[in-house]
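> below: sequence and its predicted model.
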Protein chains: 2
Amino acid sequence: MEQTARMSESISRRPGRPLGGQLVVDREHVLDAAERVIRRDGAGSSLEAVAVEAGVTKPIVYDRVGGRADLADALAERLSDRMVLATRTALAGETLSQTGLTRFIEANLRTVADHRELFLYVTGGSTEQTALGRLSLAERSTTPLTKTLAVWRSGIQQDPGVAEAWAFGIVGMLQMVSQWWITQKELSAAEVAGQISELLWNGLPGRT
Amino acid sequence: MEQTARMSESISRRPGRPLGGQLVVDREHVLDAAERVIRRDGAGSSLEAVAVEAGVTKPIVYDRVGGRADLADALAERLSDRMVLATRTALAGETLSQTGLTRFIEANLRTVADHRELFLYVTGGSTEQTALGRLSLAERSTTPLTKTLAVWRSGIQQDPGVAEAWAFGIVGMLQMVSQWWITQKELSAAEVAGQISELLWNGLPGRT
DNA sequence: GCGAAAAGTTACCAGCAGTAAGTAACGGGG
DNA sequence: CCCCGTTACTTACTGCTGGTAACTTTTCGC
């Protein structure tokens, strides 16, 4: 039968080592492709689709980043880094205050909105070890937050032992609020950020 | 070839309408079976396994409860009901206070621990419309909570407009804290409940 | 009695994660 | 200069799962 590689140019590479002897894509390229696919096709994207977008085949994806759980983990790390960056520039190292907290939350919401499908992919997970997977994702956010909280609480003569539980609680709160916020259109990011900040800063009864 | 139905008794039903003219299982039986399977095999259980456990075949599961998303939704409703019940008996209608809030959170944690795999199944979802699915689960908890918060805030002369955002935030916080708590063994439910209650009641800086 | 409706099961399809086996180019030693 | 082990791919498969179409048997109304 005729050669299968005839459509346009190198849409389909021949088997065997490519000419040039170099890797055709590296880990970062695969992750970039994954982000593009997820942004385009939604959180239910398959590994096959990622491979096609990257211009390679599935085993290459497995070699570069691993299985589906590893992919989600790597993307979670990227998203988490972007969030940390966004909030860091929003805060610019000032000391913690209610308005600073509000800006922190708002920056968080805007980053989630910017990477809507990626956020859903990462927090959605697949199944089974999703639980631990999502925890490891959350830990990437909570670990630095725990330290920050512990230091800050010590600085204002309050018990720092609550830091870890609080960090998980805050991350969970932000994740759920983000999920809710990106699926409704009534409230703006600033409004929601202000409300959540009010709760976290002043507590349920509010300051009298 | 010989009859396939020969092992033990009615392990495998013959095709066709059963002899009594009655439904062999109803929706509740399927949901019970699903809970048993999930408790035994973990959050990654398949619909096939649920069908086998219920003593029927897959299309029956689809007829009684629908697809995987519907199953998760129905189980979420059950779990949510149990949580509401547990917290309601723990609170016994007293007015909201910090110690009451602590009991509320502790009851929540204990209920999650009692239904560990079910909780993971329900919050884990599969993919794709997981986002909306999880939101609909959360909404089942947030809707009553929103009302409670709005009424309570009005009663203490505070703005009730924050109720919805707060409800989602609190539910998210509890979900994440639960997930973290059931995978560690250092802190007791009472300790964690006290810490989270402290945060929700007094806020990050604490009462001075 | 008899045919339509009801209540099942069997048998299939499509899609996906993951892997084994095959193939072509490179590169260093004889 | 050629050959063989290594490298870097692809093809082709398995196994499983969600979901559905088609078939089979009993019941029940007329």
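Perfect, I can see it now.
> host element of residue A:174?
Assigned by DSSP states H and E, residue A:174 falls within helix A:163-181.
> same deal with residue A:120?
In this assignment (DSSP H and E), residue A:120 forms part of helix A:116-124.
> show me what the helix or strand following that helix is packed against.
As assigned by DSSP H and E, the chain's next helix or strand after helix A:116-124 is helix A:130-155. Here helix A:130-155 touches helix A:68-91, helix A:116-124, helix A:163-181, helix B:116-124, helix B:163-181, going by 3 or more Cβ pairs under 8 Å, 6 or more residues apart in numbering or on different chains; DSSP states H and E. Any C-beta I mention is one placed from the backbone N, CA and C, and that applies to glycine too.
> and the angle from the third one to helix A:130-155?
Looking back up the chat, that one is helix A:163-181. Taking axes from the mean of the first three to the mean of the last three Cα atoms, to 10 degrees, one finds helix A:163-181 and helix A:130-155 inclined to each other by 120 degrees.
> need the contact list for the one residue sitting closest to the centre of chain A.
By Cα atoms, centre = their mean, chain A has its centre lying nearest to residue A:79, at 3.2 Å. By Cβ atoms under 8 Å, 6 or more residues apart in numbering or on different chains, the contact set of residue A:79 is A:111, A:115, A:118-119, A:122.
> kindly report the same for residue A:39.
Residues in contact with residue A:39 (Cβ under 8 Å, 6+ apart) are A:115, A:117-118.
> from the chain's centre, how far out does the host helix or strand of it sit?
Residue A:39 belongs to helix A:27-41 when assigned by DSSP H and E. Centroid separation for helix A:27-41 versus its chain: 13 Å, with Cα atoms, centre = their mean, to the nearest Å.
> quick one: it to helix A:116-124, angle?
Helix A:27-41 runs at 110 degrees relative to helix A:116-124, counting by the same axes, to 10 degrees.
> quick one: mean pLDDT for helix A:27-41?
Summarised as a single mean, pLDDT over helix A:27-41 is 98.
> what about residue A:104, how many neighbours?
Here the count is done by other Cβ atoms under 10 Å in any protein chain shown, and residue A:104 has 21 residues near it.
> what's the answer for residue A:96, then?
17.
> mind checking how far the closest residue to it other than its chain neighbours is from residue A:24?
Setting aside the residues directly before and after it, residue A:96 is nearest to residue A:152 in space (Cβ to Cβ, 6 or more residues apart in numbering or on different chains), at 5.7 Å. To residue A:24, residue A:152 is 48 Å away according to Cβ to Cβ, to the nearest Å.
> what about chain A, any weak spots by pLDDT?
Regions of chain A meeting the criterion pLDDT under 70 cover residues A:1-11, A:125-133.
> could you rerun that using 80?
Across chain A, residues meeting the criterion (pLDDT under 80) sit at A:1-12, A:21, A:93-94, A:124-137, A:208.
> near DNA strand D, which residues of it are found?
For chain A, the residues in contact with DNA strand D (Cβ under 7 Å from any atom of the strand) are A:4, A:12-18, A:21-25, A:55-60, A:63.
> what kind of secondary structure is the closest residue to DNA strand C within chain A in?
With Cβ to the nearest atom of the strand, the shortest gap between chain A and DNA strand C falls at residue A:16, namely 1.9 Å. Secondary structure for residue A:16, judged by DSSP: H, G, I helix; E, B strand; the rest coil, is coil.
> give me the neighbour count for it.
The tally of other residues near residue A:16 (other Cβ under 10 Å) stands at 6.
> how about residue A:154?
Neighbours of residue A:154 under the rule other Cβ under 10 Å: 12.
> isn't it right next to residue A:160, touching?
Yes: contact between residue A:154 and residue A:160 holds when scored by Cβ atoms under 8 Å: they sit 4.8 Å apart.
> which element is the nearest residue to residue A:120 once chain neighbours are set aside on?
Nearest residue to residue A:120 in three dimensions, chain neighbours excluded: residue A:43, at 4.0 Å (Cβ to Cβ, 6+ apart). Assigned by DSSP H and E, residue A:43 belongs to neither a helix nor a strand.
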